[in-house]
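1. need a 3D model of the following:
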Amino acid sequence: MARLLVTGASGLLGANLLLAARASHQLIAATHRQRIELPGAECVQLDLAQPGAAHDLLRGTHPDAVIHCAAFTDVDACEGHPELAERLNAEVPGWLAEACAHEGTRMIHISTDAVFDGAQGGYTEDDLPLPINVYGATKRSGEQAVLAAHPSSTVVRTNLFGWNAQPKLSLAEWFLDRLRRGEPCTGFTDVSISPLAADDLAACLLALLPMPLAGVLHVAGSEAVSKYQFGCMVAEHFGLQADLIRPGLVDASGLRARRPHRLTLDVRRAEAALGKPMPKLEPGLRRWAEQERDGTLDRLRALVHPTSRPAARGLLPNNKVAPT
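-> Numbers count the residues shown, from 1 in each chain. Below you'll find the model as predicted:
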């Protein structure tokens, strides 16, 4: 079995990836402040933001492949802490890519649709990234750093939803939390995305690992929806009141960071590589709802355990507000 190192293993994608890969790979789960407990998996706690930590991690664990999920993803917090965002989203991926190149290790780096300005939508891998906020700019710098240091790496741009193993709220969970409380909430009608379920994304990443694909690849859902439509679909799949979701405009929301409007991704290149269409949204949402009942959510939450280790100086606490 190949040895797979997953960074950010306690995050939304990282934890779902551990569950998806546990039967097919020897897993190394790298985290900073949480401890992972998964039978057969090796947990490593370290601060990748420290110079030399990435090389130490690779030399100490000897993975065959790395999927780098760790990132600073709070869009508004990135705006207020640009130096931290640059360190975590740009410098750390570059250091990890250097280490992977030195060790001859396959690397997949997870990026975002937010590298685009949102002026047109339907972005292909060949379209020019023009980020409009700190989060997007630092993620774009991370892409460039990875490919400069390790040109055979795959940079995957995506937009995902699913259950968090930590007490954090993704956009889907944010809608669900408000709806279950009976609280009105806003869904943006002028922001369009192509979301992909976290378990679908995990399956795609595992399928891509043995493929010698270098460069950027868009791995997202096959359908475009506004965030308002997405929230209404969440309500429908959980039998909740969709009329609690009020249509609104992102530019009038008062959010700190500017948000791109049209962030849908063209996924034809990924479909050709994988030999099948990218998943549709409705089955992913239906399966996401079922995961609360079939024990998947409990298994995710059982993976992650807080430790008494103090957070590294300058790092922010978990944010329970979903980035909308």
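2. need the helices for this structure, in chain order.
-> Assigned helices in the chain, in chain order: 12-21, 53-61, 75-80, 82-86, 92-103, 134-149, 171-181, 198-208, 227-237, 268-274, 281-293, 296-303 (criterion: DSSP state H).
3. mean neighbour count, those helices: which tops it?
-> Mean neighbours per residue, mean count of other C-beta atoms under 10 Å, is largest over those for helix 12-21, with a mean of 24. C-beta here means a position set from N, CA and C on the backbone, and glycine is covered the same way.
4. who are the packing partners of that helix?
-> strand 3-7, strand 26-31, helix 198-208, helix 296-303 (3 or more C-beta pairs under 8 Å, 6 or more residues apart in numbering; DSSP states H and E).
5. of all these, which one is nearest residue 183?
-> Closest approach to residue 183 among those (C-beta to C-beta): helix 296-303, 21.5 Å.
6. contacts for that closest one, please.
-> 10, 15-16, 18-19, 36-38, 163-165, 290-291 (C-beta atoms under 8 Å, 6 or more residues apart in numbering).
7. what about 7 Å?
-> 15, 16, 18, 19, 36, 37, 38, 163, 165, 291 (C-beta atoms under 7 Å, 6 or more residues apart in numbering).
8. residues near the fifth one, how many?
-> The number of residues packed around residue 36, counting by other C-beta atoms under 10 Å, is 24.
9. can you pull the contacts of it?
-> 9, 10, 29, 43, 303, 304.
10. can you flag the buried ones in the residues you listed?
-> 9, 10, 29, 43, 303, 304 (16 or more other C-beta atoms under 10 Å).
11. what is the residue nearest to the fourth one when sequence neighbours are not counted paired to in the beta sheet?
-> It refers to residue 43. Closest residue to residue 43 apart from its sequence neighbours, by C-beta to C-beta, 6 or more residues apart in numbering: residue 36 at 4.3 Å. For residue 36, the beta-bridge partners are residue 304 (DSSP bridges).
12. residue 36 and residue 15, how far apart?
-> 8 Å (C-beta to C-beta, to the nearest Å).
13. what do the two both touch?
-> 9, 303, 304.
14. any weak-confidence spans in the chain?
-> Low-confidence segments of the chain (pLDDT under 70): 308-324.
15. what about 80?
-> 307-324 (pLDDT under 80).
16. just to revisit the earlier point, okay, the helices of the chain in a markdown table with distance to residue 189 next?
-> Below are the helices of the chain laid out as a markdown table (distance: least, C-beta to C-beta, whole Å):
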| stretch | distance to residue 189 |
| --- | --- |
| helix 12-21 | 25 |
| helix 53-61 | 42 |
| helix 75-80 | 19 |
| helix 82-86 | 28 |
| helix 92-103 | 33 |
| helix 134-149 | 21 |
| helix 171-181 | 14 |
| helix 198-208 | 25 |
| helix 227-237 | 5 |
| helix 268-274 | 27 |
| helix 281-293 | 17 |
| helix 296-303 | 30 |
